[in-house]
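J.: Return a 3D structure for these sequence lines:
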Amino acid sequence: MSFPLLRLEGSARAQGRAHGETLRAEVRNNLEVYFARFEAEGLPRAAVLERAQRYLYEAFPCDPDYLEGLYGLAEGAGVDLTELAALNARYEILYDRFSRRALADGCTSVAVEPGRSADGHTWLAQNWDWIPHVRCALLHTVEPDLEVLAFTEAGIFGGKLGLNSYGLGLCINGLQSTADGWARLRTPFHARTRQVLRARSLEAARASVEGEVRNTSGNFLIAQAGQGAIDLEAAPETLRALRPQQGLLVHANHFENPAVLGVAEPPRSAHSSTLARAARVRELAGRTERIGRADLERFLRDPKGAPYGVCRRVNAQDPPIEHYLTVTSVIMDLEERALWLTDGPPDTAEYRCYRLGELKS
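T.: The predicted structure follows:
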């Protein structure tokens, strides 16, 4: 199987409307999934909608285009706008709950610079580990001077991770700190990822993350063809930039040194694998002198530590609230503007290739 591929054009509102119309069933599925998850995290529907309404009127207006996209998406899918705002603010709402109990776990990202890659290209790769029942899509957004190819969850406007026609790419990791709080009401996480994916330069992408304080923590691994890679560990009011070492940068779901940012992380769950996953990819890369796409596939399919390894699988013995798996595995060649991704864990799902300039969506 492969994710639906949508071609989106026109204004932000038109793009949102097309997204909603095409993925109406998937959007409604995700609303059901997330409102059930909010409830399981101790947030009744009324409390979620109250928070979502504040985001709708105070946070999303920080990015007027994103807000217009939400209006269009709600129209296209025929869903309640406030419910949709809750879906688009689900990072803040859920990670605020996570930071009160135990560190959420999942997602492993890698950047390979030209001096370390087998073909002299800049590569990004990631396993995106999350709730098994979310429905997802690949968005091909076409504007007069920009194309973006991005993975997203149905109903979340813009894109979460991907690349653009300027050879700029983004991978993300959830981070948490005890400084996190949903109520800051600044630009939401998913609005920032869309801004990064629309950036024409590494500097502009970095400014999208650094430009103002953040509601909650998050990690942004950004690279651009010919410009190298940078990782931004972003706590709400502090930020640390990490650079590749020997052409390689690996990141998972923990701050490399939270004390440098003046924050503390919540305790990790008994099954936390974030430290082991990052160490495992570094170990595999350390045995590989020049890293190519096949090597990145091998890293991301790695079974060590199963079911909590780099390639995440659901452990049926865990309570449902702790069920996660690798929903997609993504590899990007930024020079070629090419993206490979799987629909499901990469140890069983095949990578499918999409190239900007060749898409007929």
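
J.: Pull the contacting residues for residue 41.
T.: The neighbours of residue 41, taking Cβ atoms under 8 Å, 6 or more residues apart in numbering as the test, are 94, 97, 321. To be clear about C-beta, it is placed using only N, CA and C from the backbone, and glycine gets the same treatment.

J.: Looking at the residues you listed, which one is closest to residue 241?
T.: If you rank these by distance to residue 241 using Cβ to Cβ, residue 94 comes first, at 26.1 Å.

J.: how much space is there between the closest one and residue 17?
T.: 27 Å (Cβ to Cβ, to the nearest Å).

J.: repeat for residue 169
T.: For residue 169, the distance to residue 17 - Cβ to Cβ - is 27 Å.

J.: likewise residue 87?
T.: 16 Å.

J.: and those two? which has more neighbours close in?
T.: residue 87 (25 against 21; other Cβ atoms under 10 Å).

J.: contacting residues for residue 206?
T.: 222, 230, 232, 241.

J.: Using the three-state scheme, assign it.
T.: helix (DSSP: H, G, I helix; E, B strand; the rest coil).

J.: Let me see the ranges of the helices in this structure.
T.: 12-22, 24-40, 45-54, 64-77, 81-88, 90-98, 189-197, 202-210, 274-286, 293-300 (DSSP state H).

J.: okay, those helices in CSV with distance to residue 105 and mean pLDDT next?
T.: Shown next, in CSV, are the helices of the chain (distance: least, Cβ to Cβ, whole Å; pLDDT from 0 to 100):
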stretch, distance to residue 105, mean pLDDT
helix 12-22, 29, 98
helix 24-40, 16, 96
helix 45-54, 23, 97
helix 64-77, 28, 98
helix 81-88, 22, 98
helix 90-98, 10, 84
helix 189-197, 18, 98
helix 202-210, 22, 98
helix 274-286, 6, 97
helix 293-300, 16, 98
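
J.: out of these, nearest to residue 312?
T.: Between the helices of the chain, helix 274-286 lies closest to residue 312; by Cβ to Cβ that is 8.7 Å.

J.: residue ranges with poor pLDDT in the protein?
T.: For the chain, the stretches flagged by pLDDT under 70 are 1, 98-104, 360-361.

J.: hmm, what's the outermost residue in it?
T.: Most distant residue from the mean C-alpha position of the chain: residue 289, 28.3 Å away (Cα atoms, centre = their mean).

J.: List the contacts of the closest residue to residue 73 other than its chain neighbours.
T.: The shortest distance from residue 73 to any non-neighbouring residue, by Cβ to Cβ, 6 or more residues apart in numbering, is to residue 16 (3.8 Å). Residue 16 sits next to 68, 69, 70, 71, 72, 73, 74, 75, 76, 157 when contact means Cβ under 8 Å, 6+ apart.

J.: How much space separates residue 39 from residue 46?
T.: Distance from residue 39 to residue 46, by Cβ to Cβ: 11 Å.

J.: whoops, residue 172 was the one
T.: For residue 172 relative to residue 46 (Cβ to Cβ), the value is 30 Å.

J.: Which one's more surrounded, these two?
T.: Neighbour count, other Cβ under 10 Å: between residue 172 and residue 46, residue 172 has more, with 23 against 8.

J.: which one is the more buried one nearest to, not counting chain neighbours?
T.: Here the residue nearest residue 172, using Cβ to Cβ, 6+ apart, is residue 161, at 5.5 Å.

J.: Distance-wise, check that neighbour relative to residue 107.
T.: Taking Cβ to Cβ, one finds residue 161 at 10 Å from residue 107.

J.: what does residue 138 give?
T.: Residue 138 is 18 Å from residue 107, by Cβ to Cβ.

J.: neighbours of residue 83, just the number please.
T.: Residue 83: 19 neighbours (other Cβ under 10 Å).

J.: what about the strands in the stretch 101-250 of the chain?
T.: 108-112, 123-130, 136-143, 146-153, 161-164, 168-174, 218-224, 228-234, 239-242, 248-251 (DSSP state E, counting those that start in this stretch).

J.: Give the partner strands of the second one in its sheet and their orientations.
T.: Strand 123-130 pairs in its sheet with strand 108-112 (antiparallel), strand 325-333 (antiparallel), by DSSP bridges.

J.: Would you tell me which of the ones you listed gets closest to residue 152?
T.: With Cβ to Cβ as the measure, strand 325-333 is the member of these nearest residue 152 (10.4 Å).

J.: could you list every residue that touches residue 68?
T.: So residue 68 contacts 11, 12, 13, 16 (Cβ under 8 Å, 6+ apart).

J.: do the same with residue 66
T.: By Cβ under 8 Å, 6+ apart, the neighbours of residue 66 are 12, 60, 88, 157, 158, 188, 190, 191, 194.

J.: ok, now how distant is it from residue 349?
T.: 31 Å.

J.: Also residue 301?
T.: 10 Å.

J.: Can you work out which residues contact both of those two?
T.: residue 329.

J.: between these two, which one's more packed in?
T.: residue 301 (20 against 17).

J.: My guess is the more buried one contacts residue 309. True?
T.: No: assessed by Cβ atoms under 8 Å, residue 301 is found out of contact with residue 309, at 9.6 Å.
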